[in-house]
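*Asks:* below are the sequence and a predicted model for it; my questions follow.
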Amino acid sequence: MKISQRALAIAPSPTLAMSSRAKAMRAEGKDVISFDVGEPDFPTPENICRAACEAIAAGQTKYTPAAGLPQLKQAIVQATARDLGLEYDPGQVVVSNGGKHALMNIWESIVDPGDEVIVFAPYWVSYPAQIELCGGRAVVIPTRGEDDFQPDLDQVRAAVTDRTIALLVNSPSNPAGAVFTESTMRGLMELAVERDLLVISDEIYKHILFDGRRHLSPAQLGEEIKSRTILADGVAKTYAMTGWRIGWLIAPKEIATRAGDIQSQETSNPNTPAQYAAIEALTGPQDSVQTMRAEFERRRDYLVPALNAIPGVRCPNPGGAFYVFPDLSAHVGRTLQGTPIATDLALAEYLLEKALISTVPGSAFGSDGYIRFSFATSMELLQEGVRRLREVLG
Ligand code: PLP
């Protein structure tokens, strides 16, 4: 069977692989607790669901312009001004089938074979895969839990070559919930200007921030940065709308136009009723955003000290998102209940088999020795999961 080199080079998303294994075990009747999920455990707010039903009832079930409904682009521009104080033109927006698709449109619009993009590890699993699908190369800069996952600017500077076209930031991040400090962000942006790099800022977790933090987008650091920054965002995490598949990019006009052209050939518009739901999400009442955020913070406040109380677990305090990313390297290399644990993957498999908790190993995100735990699950299940973890790591 003829398979392209491109297809052969792609590995399936390891986060999805882990959750399908956990699902299969659950189908066998095993009481598996999911710490692997990347989506809020809350239902989509009712007003948003209603807006989609009303759109269907009103016959809004046909194609829209390929880059999205003008009203939705307007809502995105207004929400970006409201939330970040950033002004854009609706012509700079392309609405896609989720943030993941928006990011793919970005790479397809800017990456040529051989181009390099600076990516920080731990990284969201799809970044390197998407960049490579476009023939580019993700140049990975490691960060460490003990530095709160802030990159070393000298290391970043040393990694920039003549082939580097862009720098990718994701704050708050998946998988670490890491939030870049203002000085990290400023240092990176000075470098971007100095080396004439584009900046891709994945802001999908920007509304899930803790300890009173306010989101800092690189585009807020001045016109020079804004004019070279592409924002990727979506409704999935903020409004518990993962299944609706609406995301967007906001880019300099030349790039947005190309991305819209690419989308018009590849997929056309994203789902029409879902676009109407997204308008309601962005322009309707925002209190559910705050309610979900506060609940995530309550869970984090339980989980971080509870994990740190387990011997051999070092858990940094995430500033946002709904993940913790503890360093469990003290357990790698041990033999636990007769099982040799050679890697973080073996450790995640051991946790699934013996403790019935599904997690994602750090190596999937480019950071060996760590394990990602999502706290998009109830407090009761978090407490039971921690109890099981303590038991099997003891
Ligand atoms: N960016 C990050 C960092 C994510 O974690 C995700 C989803 O897990 C996405 C983008 C894509 O979100 P979606 O395609 O569901 O809008």
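*Replies:* In hand now; what should we look at? Numbers count the residues shown, from 1 in each chain.

*Asks:* ok, which residues in this protein are in contact with the ligand?
*Replies:* 38, 98-100, 124, 170, 174, 202, 204, 234, 236, 242, 247 (Cβ under 6 Å from any ligand atom). Glycine gets a C-beta too; all of them are placed from N, C-alpha and C.

*Asks:* same question for the helix or strand hosting residue 132, mean pLDDT?
*Replies:* Taking DSSP states H and E as the criterion, residue 132 maps to helix 126-133. Mean pLDDT, computed over helix 126-133, is 95.

*Asks:* what packs against it?
*Replies:* In terms of contacts (3 or more Cβ pairs under 8 Å, 6 or more residues apart in numbering; DSSP states H and E), helix 126-133 is packed against helix 99-110, strand 116-121, strand 137-142.

*Asks:* tilt between it and strand 116-121?
*Replies:* 160 degrees (axes from the mean of the first three to the mean of the last three Cα atoms, to 10 degrees).

*Asks:* report the angle between helix 126-133 and helix 99-110.
*Replies:* Going by the same axes, to 10 degrees, helix 126-133 makes 30 degrees with helix 99-110.

*Asks:* quick one: helix 126-133 to chain centroid distance?
*Replies:* 14 Å (Cα atoms, centre = their mean, to the nearest Å).

*Asks:* list the contacts for the most centrally placed residue in the chain?
*Replies:* Here the mean C-alpha position of the chain is nearest to the C-alpha of residue 174 (Cα atoms, centre = their mean), at a distance of 4.6 Å. Contact partners of residue 174, counting by Cβ atoms under 8 Å, 6 or more residues apart in numbering, are 38, 124, 204, 205, 321, 323.

*Asks:* go with 7 Å
*Replies:* Contacts for residue 174 were tallied using Cβ atoms under 7 Å, 6 or more residues apart in numbering; they are 38, 124, 205, 321, 323.

*Asks:* name the residues that touch the lowest-mean-pLDDT helix or strand in the chain?
*Replies:* Here the helix or strand of the chain ranked lowest by mean pLDDT, DSSP states H and E is helix 14-27, holding a mean of 81. With contact meaning Cβ under 7 Å, 6+ apart, helix 14-27 is reached by 32, 34, 36, 37, 38, 125, 348, 352, 358, 360, 364.

*Asks:* neighbouring contacts of stretch 96-113?
*Replies:* Contacts of stretch 96-113 from elsewhere in the structure, counted by Cβ under 7 Å, 6+ apart, are 94, 126, 130-131, 134-136, 165-166, 198, 200, 202, 204, 230, 232-234, 236, 245-249, 255, 258-259, 262-263, 267, 270.

*Asks:* where along the stretch 201-350 of the chain do the helices fall?
*Replies:* 223-226, 253-266, 272-283, 287-308, 344-355 (DSSP state H, counting those that start in this stretch).

*Asks:* and the ones you listed, which is most packed in?
*Replies:* Each of those was scored by mean neighbour count; the highest is helix 272-283, a mean of 23, by mean count of other Cβ atoms under 10 Å.

*Asks:* can you name every helix or strand that that one contacts?
*Replies:* Judged by 3 or more Cβ pairs under 7 Å, 6 or more residues apart in numbering; DSSP states H and E, helix 272-283 is in contact with helix 46-57, helix 70-84.

*Asks:* export those to TSV and tack on mean pLDDT?
*Replies:* Shown next, in TSV, are those (pLDDT from 0 to 100):
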stretch	mean pLDDT
helix 46-57	98
helix 70-84	98
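
*Asks:* now the angle from the helix holding residue 132 to helix 14-27?
*Replies:* Going by the same axes, to 10 degrees, helix 126-133 makes 120 degrees with helix 14-27.

*Asks:* tilt between helix 126-133 and strand 137-142?
*Replies:* Helix 126-133 and strand 137-142 are oriented at 150 degrees to each other (the same axes, to 10 degrees).

*Asks:* contacts for helix 126-133 next, please.
*Replies:* Taking contacts as Cβ under 7 Å, 6+ apart, the residues outside helix 126-133 that touch it are 6, 9-10, 13, 100, 103-104, 107, 111, 117, 119, 137-138, 168.

*Asks:* returning to what we had before: which of the contacts of stretch 96-113 are buried?
*Replies:* 94, 126, 130-131, 134, 136, 165-166, 198, 200, 202, 204, 230, 232-234, 236, 245-249, 255, 258-259, 262-263, 270 (16 or more other Cβ atoms under 10 Å).

*Asks:* in the stretch 101-250 of the chain, mark out all the strands, start to finish.
*Replies:* Applying DSSP state E, counting those that start in this stretch to the stretch 101-250 of the chain gives strands spanning 116-121, 137-142, 164-169, 198-202, 229-234, 247-250.

*Asks:* tell me the strands beside the fifth one, with direction?
*Replies:* Partner strands for strand 229-234, per DSSP bridges, with pairing direction: strand 198-202 (parallel), strand 247-250 (antiparallel).

*Asks:* okay if I get those strands as CSV plus distance to residue 54?
*Replies:* CSV is the format used below for these (distance: least, Cβ to Cβ, whole Å):
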stretch, distance to residue 54
strand 198-202, 31
strand 247-250, 22
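
*Asks:* make CSV out of those and add mean pLDDT and distance to residue 181.
*Replies:* Formatted as CSV, those follow (pLDDT from 0 to 100; distance: least, Cβ to Cβ, whole Å):
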stretch, mean pLDDT, distance to residue 181
strand 198-202, 98, 15
strand 247-250, 98, 24
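
*Asks:* sorry, back to before: and of the strands of the stretch 101-250 of the chain, who's closest to residue 298?
*Replies:* Nearest of the strands of the stretch 101-250 of the chain to residue 298, taken as Cβ to Cβ: strand 229-234 at 24.4 Å.
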